[in-house]
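Engineer: need a structure here:
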Amino acid sequence: MARILVVDDESSMRFLLRMTFELEGHEVMEASDGVTAAERVEGGLRPDLVATDFMMPRMNGGELIDRLRRTPATAEIPIILVSASPGSERKTSANAFFRKPFDPVALTQCATTLLAGSG
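Structural biologist: Numbers count the residues shown, from 1 in each chain. Predicted coordinates for the structure are as follows:
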């Protein structure tokens, strides 16, 4: 299965996303903001997929996505934006968007499709 990085400043949302992906057999890592996520990825932790919130302290999801897209080694990682922030889906180059609260079945189906396309 895949290695998925979940990025959200709300621990309850990270837990829900973790459970959603782990029930599908994926390995999940967490970060509480974009800076932590970027540091982990740049430090050699290369996820197969990133699921990130938009509104977060230190570095928001849009900035994280831009940073990953600008780096050749991470530019092709599929990214799902999971956010309650109005209009955030138009502010990023995420591959997919889910509004909070998300549908776990639809989210895992989307992740499966993105992962199949990236491998």
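
Engineer: Let's verify the residue nearest the centre of the chain: helix, strand, or coil?
Structural biologist: In the chain, the C-alpha nearest the mean C-alpha coordinate belongs to residue 51, at 1.5 Å (C-alpha atoms, centre = their mean). Residue 51 falls in the strand class when you classify it by DSSP: H, G, I helix; E, B strand; the rest coil.

Engineer: Make sure it is actually in contact with residue 17.
Structural biologist: Yes. Checked against C-beta atoms under 8 Å, the pair residue 51 and residue 17 is within contact range at 5.6 Å. C-beta coordinates here come from the backbone N, C-alpha and C atoms, glycine included.

Engineer: Quick check: neighbours shared by the two?
Structural biologist: Listed as contacting both residue 51 and residue 17 by C-beta atoms under 8 Å, 6 or more residues apart in numbering are 6, 82.

Engineer: tell me, which helix in the protein spans the most residues?
Structural biologist: Ranked by residue count and defined by DSSP state H, the top helix of the chain is helix 104-118.

Engineer: For it, which helices and strands make contact with it?
Structural biologist: Counting by 3 or more C-beta pairs under 8 Å, 6 or more residues apart in numbering; DSSP states H and E, the packing neighbours recorded for helix 104-118 are helix 11-22, strand 49-52, strand 79-83, strand 96-99.

Engineer: Redo the ones you listed as JSON lines? Include distance to residue 29 and mean pLDDT.
Structural biologist: Compiled in JSON lines, the helices and strands packed on helix 104-118 are given as follows (distance: least, C-beta to C-beta, whole Å; pLDDT from 0 to 100):
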{"stretch": "helix 11-22", "distance to residue 29": "9", "mean pLDDT": "97"}
{"stretch": "strand 49-52", "distance to residue 29": "10", "mean pLDDT": "98"}
{"stretch": "strand 79-83", "distance to residue 29": "15", "mean pLDDT": "96"}
{"stretch": "strand 96-99", "distance to residue 29": "19", "mean pLDDT": "96"}
